[in-house]
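> Here is a sequence with its predicted model. Questions after.
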Amino acid sequence: MIKLSMRFWQHLGLLSRLLLAITCVIIITSVLMVAVQMAQEQADGNRRAHQTVHELRELIVPAVGGQAIVGDYSGIRQLLQNQVRLRPDLLKLEWRYRGMVISVVDPAPVVARAPDWFVHWASIPALRSMQPITISGQEYGSLRIVLNPAHELNSIWKEFVRLAQFAFVALLLIWLSSYFILRRNLIVLDRLVVAVDAMKRGKHDVQVRERGAPELRGLVRAFNDGNKRLGLLIAELHQREAAQAAQLEQITAQNFAYQEQRRAMDAAAIIAETDLAGNIMFVNDKFCMVSGYTPDELFGQNHRMLNSGMHAPDFFDKMWQAIGRGKIWHGEICNRARDGRLYWVYSTIVPILDEGTHQPKRYQAIYFDITARKQLETALQLEKERAEVTLASIGDAVMTTDIEGKVTFLNEIAERLTGWSANEAIGMAIEQIFNIVNEVTRQPADNPVRKVVREKHVVGLMENLVLISRTGIEYNIEDSAAPICMSDGNMVGCVLVFHDVTEKHRLMSAVHWQAGHDALTNLPNRTLLNDRFVRALANARRNSTLTAVCLLDLDEFKPINDLFGHEAGDAVLVEVAHRLTGVVRGEDTVARLGGDEFVLLLNEFGDMDEVELAVHRILTMVAAPYRIGNEDVKINASIGMTLYPLDDADPDTLLRHADQAMYQAKQAGRNRYYLFDLASNMEAQTSLRKIERVRQALLDDEFCLYYQPKVNMRSGKVVGMEALIRWHHPERGIVPPLEFLPLIEQTDLIVELGEWVITHALQQVEAWMALGQEWTVSVNIAGLHFQRSDFCERLSALLAAYPHVPSNLLQIEILESATLGDLGYAHDMVVRCRKLGVSFALDDFGTGYSSLTYLKRLPANVLKIDQSFVRDMLVDKEGLALVEAVISLASVFGSEVIAEGVETAEHGVLLMRLGCDLAQGYGIAHPMPAAKVMDWVRQYKPDPSWAVWSDTHWDLSDFPLLVAQHDHLSWVKKVVASVFDSPLTLPKSELVDHHQCRFGHWYYGVGRQRYGRLPEFAALEKIHAEVHQVGMEIVSLNARGEKEAAKAMSEKLMLLKDKVLISLGNLQRTVALNLH
């Protein structure tokens, strides 16, 4: 066999021997490489599996713990489902806690794609891990993690296939490349022979392509370089010959141009050269002709021989300093000629620098004779001085300009009126100094100087002009302008004359204004209103728009005069006028007819919706409280309105219709508007029918009471109920109160309904007492009902009807606005009712206009925080601050405080931290019929998270800690929202630097000063910095258009957010326990 193999080997050529040897080496190497790589892949797969388990522990365990603390089990399941969905290598996640199991299995697990023999050979088992969950020493179950081995097995199989393919391709490439390399090397030598023949024929640009083995490429490179260098050497010799010929031609041309330039310079300019001391070395003929000296008299003499004595001593010092530093100097010099006459030259002195030292070695001066120009300037200056003396003596303001409109002179009166001094104004454009506008339009007026320049004749007096001085003072002026012409008729400038007529104008305007305005409010009176009426109606016809004619009358204005005096009443009328003019538009009119009646002409409306918006704004503005002394008094208004041209009548008729509509508004309950038209009359009739239907429902006993529980979140006990009325309509079912109470709140029916509510609430209290429950029940009383003088007597009678019900179990809830009309009355009424034993609560506290004085004088037992503040306090920092302020006020004034609108457990926890223990809302219970209350109480269990804070109290000085939590949530929300096409509203500094965001400012400022010693505080820094890193990466991915990657990264940000919240919770709990 060996001899046979040797014989076979001897018959093989060199190419075949090399290919066979290389093939064997590659096959052996590939097998070894695959074996080693597969072993490495198995080891890496095990390491990645353990790393995955570790990452899952770090990400999921804190988040599951945080959700477990608040009992959010659906959130835990969602979290586990998200992780199983996002990770293909995760087969199963299972959380166990106190017998509860939440298990999530991948519904579509990855399956192994490798053959069975490879699966058996790789033998990668499924990795399982069990991790206990502990938060602040408290165990919250355990988390079981099961990884899918198929994911790693597929990766190893894919790598195996890739290596096998690589080995095959490598073998094939080596075969082919070896063959071609040996075959093509001999071609290079043939091409070298051909190139040498070409070089002999003078073709030095021939290059042989470098191919073949390194030795052959070296030979070819040497040949190419030699041939190229030889060609370049020959080309360079030709170029040098051509350059030398061109240079010779250029030198000849330059010499000729220099000679021509020198002859032209000598003919036009005065030229001289001096040494460094100023001694004359050269002068041209022009110099001798102007100075009167001969060249022999000048050579060697110092230039001072020409000094006229007309210049200051430092004039020439500055010149020598400039040229001594090598700078070119320009200036005008007056010299004295040989015959004593003076002549002026414009001088340019150029230092000639030494090429070696770059310092001046001599000076060359070029002069131009300007004697004639200087003589003309002197004559003009004298003439100007004589003119200025004349103009300064004129009593009016006078200004002159040149032909371009630049100021050349102002007299003293012009300086005073314009605010510009002559020195400042000369040389500036006339519009900058003489700033005039039209008094009516306030638009810039045509400057009379410009008009004179254009038309070249006198411009007469112009009216309605206002001059705005440099300091902003306005003057009414009258002016005229005329051209300034030379003897030859050429115009050289303009003179402007104007005088101040401000006082005259003011007196005329005052007389005209007073004739058409009300003396108290400065509003248009009936005289001016008639003129405005005509224009408004004409404009409505011309533009096909609606004009609203409104008559506004203040409600209950007479008591203001009676209680506070006529001066206070007049002050209120002035304030009403101010508010009305502020809320209407510029094209509208507000007029006062007398007393407390105002007329409003509201123009340019397209439809009724626009009119209603405008009227609502007016009513709201008028209804805002008025400050009288130390009291805040609320005054409403009723508005009657008609629309032109829908109501196509003359002005007097329109006012009469508006007056009739205003009467209807007052009849309907005041503080509203009424539209005079057929549709409005029909609506009024419909409203009356609805009110009668409510009255019939009361007679037919169609009303019932629902009860919403009030609880003490700290103790977990039910402490009371709020009685809420419902209409059990025979056809529509349960009707909410907002559909019928607004109809009757300004009628006596609201009183009847209020007493019905009190009666049935007392009946229900008595029924619950029989069952062993004594709850305080609160009822809502309307403002009109509370303001009745016999309210206390009627309440006493209703209580007397139920002698077994303690009066302290009844609580009256009133709105802030119900007491603003007469605070003294409200105080007395509350005191009298409290003597009966009932308590009072201010409902929707914080939404009205109450002051601290108001709160102090009204002895309410309970303040109810409006649900709009409570609902938004988790996401609105301002809402949180308002809630904290109300709780603090209640503490200061010794009142209890209860929060409405508690919708989640988180609302309750935050309220408890702020010091509010009482709450009601949908998060606790919806309003329910009385029959369901006892069942609800028996099954009621307070939220577990409230128990965590039940034995702790919060210091309001730590309120910034809660605000910091809001800031953190807001930052995360803005970053995540940017992934879903919302604009990023964070400044760059707050995004990239965790010291600069709002949370960072708190942490490194007030937070560190107050809590820096606590380990829970220190733990926040690392997590917060990581939140910023992930946030920046999300923004960067989103900016590059990698939306899916940014969304996936958002999951990590939300987990980090939960980590921060858990750490903040730990810190808050530690702070609260330390206080306790």
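Perfect, thanks for sending it. Residues are numbered from 1 along each chain as shown.
> Now the element after the helix or strand containing G754, going C-ward?
Counting by DSSP states H and E, the element that carries G754 is helix 749-770. Once the chain leaves helix 749-770, the next helix or strand it forms, by DSSP H and E, is strand 776-780.
> How far off centre is that next one?
Distance, stretch centre to chain centre, for strand 776-780: 45 Å (CA atoms, centre = their mean, to the nearest Å).
> Just checking: what are the partner strands of that strand?
The strands beside strand 776-780 in its sheet (DSSP bridges) come out as strand 717-729 (parallel), strand 810-815 (parallel).
> So for the longest one, what gets flagged as buried?
Within strand 717-729, the residues that qualify as buried by neighbour count (16 or more other CB atoms under 10 Å) are 718-727. All C-beta atoms are positioned from the backbone trio N, CA, C, and that covers glycine.
> which one of those sits closest to Y1011?
Comparing the buried residues of strand 717-729 against Y1011 with CB to CB picks out V719 as the nearest, at 34.1 Å.
> Just say helix, strand or coil for the spatially closest residue to V902 that is not a sequence neighbour.
Spatially, and ignoring its direct neighbours in sequence, V902 is nearest to G921 (3.5 Å; CB to CB, 6 or more residues apart in numbering). Classification of G921 by DSSP: H, G, I helix; E, B strand; the rest coil places it in coil.
> Adjust the sequence numbering to begin at 42 for everything that follows.
Yep, numbering from 42; the last one is G962 now.
> gap between G962 and E763?
11 Å (CB to CB, to the nearest Å).
> what's the answer for C329, then?
Using CB to CB, C329 is found at 118 Å from E763.
> can you check E645 too?
According to CB to CB, E645 stands 48 Å off from E763.
> packing partners for the helix or strand harbouring I186?
Element membership for I186 (DSSP H and E) is strand 179-188. On a contact count with 3 or more CB pairs under 8 Å, 6 or more residues apart in numbering; DSSP states H and E, strand 179-188 meets helix 55-111, strand 131-138, strand 169-176.
> following the one helix or strand in the chain whose mean pLDDT sits lowest, which helix or strand shows up next?
Lowest mean confidence among the helices and strands of the chain (mean pLDDT, DSSP states H and E): helix 893-898, at a mean of 62. Going down the chain from helix 893-898, the next helix or strand is strand 903-906, by DSSP H and E.
> List the strands paired with that next one, with their directions.
Applying DSSP bridges, one finds strand 903-906 paired with strand 880-886 (parallel), strand 937-940 (parallel).
> For the first one, output the C-alpha coordinates as CSV.
The C-alpha trace of strand 880-886 is given here as CSV (Å, rounded to 0.1, in the frame of the first residue of the first chain):
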residue,chain,number,x,y,z
SER,A,880,-72.5,70.3,63.1
PHE,A,881,-71.6,72.2,60.0
ALA,A,882,-69.3,71.3,57.1
LEU,A,883,-68.1,73.5,54.3
ASP,A,884,-68.5,71.5,51.1
ASP,A,885,-66.1,71.7,48.1
PHE,A,886,-63.7,73.8,50.2
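> Name the SS class of V151, please.
V151 ends up coil, using three-state DSSP.
> can you count the residues close to it?
17 (other CB atoms under 10 Å).
> From A551, how far out is it?
Going from V151 to A551 by CB to CB gives 92 Å.
> Going by neighbour count, list what's buried in stretch 387-395.
By 16+ other CB under 10 Å, the buried positions in stretch 387-395 come out as 387-388, 390-392.
> Show only the entries of those found in helices.
Cross-referencing the buried residues of stretch 387-395 against helices under DSSP state H gives no overlap.
> Quickly list the domain ranges of the chain.
54-215, 310-410, 419-548, 559-717, 733-981, 998-1116 (automatic domain parsing).
> Adding distance to K241 as columns, could you present the ones you listed in CSV?
Output for the domains of the chain, formatted as CSV (distance: least, CB to CB, whole Å):
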stretch, distance to K241
domain 54-215, 35
domain 310-410, 52
domain 419-548, 81
domain 559-717, 99
domain 733-981, 92
domain 998-1116, 62
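> Of all the ones you listed, which one is nearest D266?
Here domain 54-215 is closest among the domains of the chain (CB to CB), at 31.6 Å.
> can I get the strands paired with strand 817-821 in JSON lines with distance to P692?
Listed next are these as JSON lines, based on distance: least, CB to CB, whole Å:
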{"stretch": "strand 758-770", "distance to P692": "46"}
{"stretch": "strand 851-856", "distance to P692": "41"}
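> Tell me which of the ones you listed lies nearest to I176.
Closest to I176 of those is strand 758-770 (CB to CB; 28.2 Å).
> quick one: average pLDDT of stretch 178-197?
What stretch 178-197 shows for mean pLDDT is 77.
> now do stretch 142-160
Regarding stretch 142-160, the rounded mean pLDDT is 76.
> before we move on, what about stretch 753-766?
94.
> what's the spacing between that stretch and its chain's center?
For stretch 753-766, the gap between its own C-alpha mean and the chain's C-alpha mean amounts to 43 Å (CA atoms, centre = their mean).
> again, but for stretch 748-758
42 Å.
> What lies in contact with that stretch?
759-765, 805, 818-819, 939, 949, 952-953, 958-961, 965-971, 974, 977-978, 981-983, 987-988, 990-991 (CB atoms under 8 Å, 6 or more residues apart in numbering).
> The same query, at a cut-off of 6 Å, please.
The contact list for stretch 748-758 (CB atoms under 6 Å, 6 or more residues apart in numbering) reads 759-763, 949, 953, 958-961, 965-966, 968, 971, 974, 983, 987, 991.
> Quick check on these: which are buried?
Using 16+ other CB under 10 Å as the burial test, these include 759-763, 949, 953, 958-961, 965-966, 968, 971, 974, 983, 987 as buried.
> quick one, phi psi at I518?
With angles defined as degrees, to the nearest 10, I518 sits at phi -130, psi 160.
> which residues of the stretch 542-691 of the chain score low on pLDDT?
Scanning the stretch 542-691 of the chain for pLDDT under 70 picks out 552-553.
> how about the strands in it?
Secondary structure of the stretch 542-691 of the chain (DSSP state E, counting those that start in this stretch): strands at 587-595, 630-635, 638-646, 667-669, 672-674, 678-685.
> Figure out how far the last one is from the centre of its chain.
Read it as strand 678-685. Centroid separation between strand 678-685 and its chain, computed with CA atoms, centre = their mean, is 40 Å.
> quick one, the helix or strand following it and strand 587-595 angle?
Next helix or strand after strand 678-685 toward the C-terminus (DSSP H and E): helix 692-708. Going by axes from the mean of the first three to the mean of the last three CA atoms, to 10 degrees, helix 692-708 is angled at 50 degrees with respect to strand 587-595.
> contacts for the host helix or strand of S521?
Using DSSP H and E, S521 sits in strand 515-526. Residues from elsewhere that reach strand 515-526 (CB under 6 Å, 6+ apart): 458, 489-490, 493, 497, 499-503, 506-509, 532-539, 541-543, 546.
> From those residues, list just the buried residues.
458, 489-490, 493, 500, 503, 506-509, 534-539, 541, 546.
> how many other residues sit next to H868?
Neighbour tally, H868, other CB under 10 Å: 16.
> Can you classify it as helix, strand or coil?
Applying three-state DSSP: H868 is helix.
> Specify the beta-bridge partners of V631.
With DSSP bridges as the criterion, V631 is bridged to L641.
> That one and V871: what is the separation?
On the measure of CB to CB, V631 and V871 end up 39 Å apart.
> With neighbour numbers in mind, choose between those two.
Per other CB under 10 Å, whichever of V631 and V871 has more neighbours is V631, with 26 against 23.
> wait, isn't the more buried one in contact with L642?
No. The criterion here is CB atoms under 6 Å, and V631 misses it with L642 at 8.2 Å.
> Thought G1041 was touching A1005, still the case?
No. Using CB under 6 Å, A1005 makes no contact with G1041, being 9.4 Å away.
> residues touching the residue lying closest to L695 once chain neighbours are set aside, list them.
Spatial nearest neighbour of L695, excluding adjacent residues (CB to CB, 6+ apart): V590 at 4.6 Å. Each residue near V590 by CB under 6 Å, 6+ apart is listed here: 683, 695, 699.
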